[in-house]
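> pasting the sequence and the predicted coordinates here, then a few questions.
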Amino acid sequence: MLEYLPRDKANSLEVITGDLRDYDAIRDAVKDVDVIFHLASLISIPYSYVHPRENVETNVMGTFNVLMAARDYQVEKIVHTSTSETYGTARYVPIDEEHPLQGQSPYSASKIGADKIAESFHLSYELPVATIRPFNTFGPRQSSRAVIPTIISQALTKDEIQLGSLHPTRDYTYVKDLAQGFIKVGESPESVGEVINIGSNFEISIGDLAEKIISLIGRDVTIQTDQSRIRPSGSEVERLWCDNSKAKRLLNWEPSMSLDEGLQETINWIRENVDLHKTDIYNR
């Protein structure tokens, strides 16, 4: 949503159109760059069920292209973005960086592949790669593919919210805290070669999250389960709860915004921009 940035900030950005799968485009973008924050990927889990090949080509080969270009141009630091989805359903909690990786969707499998390619370039070529592994992020301007803007936009405009499974738990971090995590990973020499979780160390179920949002909004809204939004049973990640002690130890990072404070800021923004959210369709 770059178009919603203030004009002075938007004018300070250079936007280069390209495709992660196009190595020449990546090389052109990387030339004369000191630090790469690699966040580009296909992120929708429902979309990955329908287009698994595109997920693998974009997320794995796209990351390979970024790493190759960084190696060729001797970039000083690459911050590679992973996801808590690579852990799958928690085998123990809280989840630390030693937790096994589980490819429970084509998306998570593609991100595991990307993470391992990044690891291999560090070990094989001494490329200065650090992997940041965010748990669920939320805040203003987030796409309606994510659950929090989905809940808020429906709760502001409808008397009934349509959601998928209500029992899975997630660990949410406000976007400003995550941005600080990226900066600290980028600046810290101790992050090179490491995987670092960024999360709140607090879990909440989707159902309880929806009830909390409804309470903050202050409307009489009911919650319904929409079967089309439920993941295949073996693919559902039942529980995510972040152990963020490594980030505290290596980066001196911890979240500053509580869940309630972050939700209120997000509600305020969506209330002022509710027309941007298509509440009558399921955004995959």
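That came through, no problem.

> now do the strand or helix carrying residue 185: distance to the chain's middle.
For residue 185, the host element (DSSP states H and E) is helix 175-187. Here helix 175-187 shows a centroid-to-chain-centroid distance of 13 Å under the convention C-alpha atoms, centre = their mean, to the nearest Å.

> off-centre distance for stretch 97-115?
On C-alpha atoms, centre = their mean, the centre of stretch 97-115 falls 13 Å from that of its chain.

> may I see the buried residues of that stretch?
97, 99, 102-115 (16 or more other C-beta atoms under 10 Å). Placement of C-beta: from N, CA and C, glycine included.

> state the mean pLDDT of the helix holding residue 185.
Averaging pLDDT along helix 175-187 yields 98.

> using PDB, list the CA coordinates for it.
Output of helix 175-187 as PDB, limited to C-alpha atoms (Å, rounded to 0.1, in the frame of the first residue of the first chain):
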ATOM      1  CA  VAL A 175       4.200  -3.600  12.900                       C
ATOM      2  CA  LYS A 176       6.200  -0.800  14.500                       C
ATOM      3  CA  ASP A 177       7.900  -3.300  16.800                       C
ATOM      4  CA  LEU A 178       8.600  -5.700  13.900                       C
ATOM      5  CA  ALA A 179      10.200  -2.800  11.900                       C
ATOM      6  CA  GLN A 180      12.500  -2.200  14.900                       C
ATOM      7  CA  GLY A 181      13.300  -5.800  14.900                       C
ATOM      8  CA  PHE A 182      14.400  -5.600  11.200                       C
ATOM      9  CA  ILE A 183      16.500  -2.600  11.900                       C
ATOM     10  CA  LYS A 184      18.300  -4.300  14.800                       C
ATOM     11  CA  VAL A 185      18.900  -7.400  12.800                       C
ATOM     12  CA  GLY A 186      20.300  -5.300  10.000                       C
ATOM     13  CA  GLU A 187      22.600  -3.300  12.300                       C
END
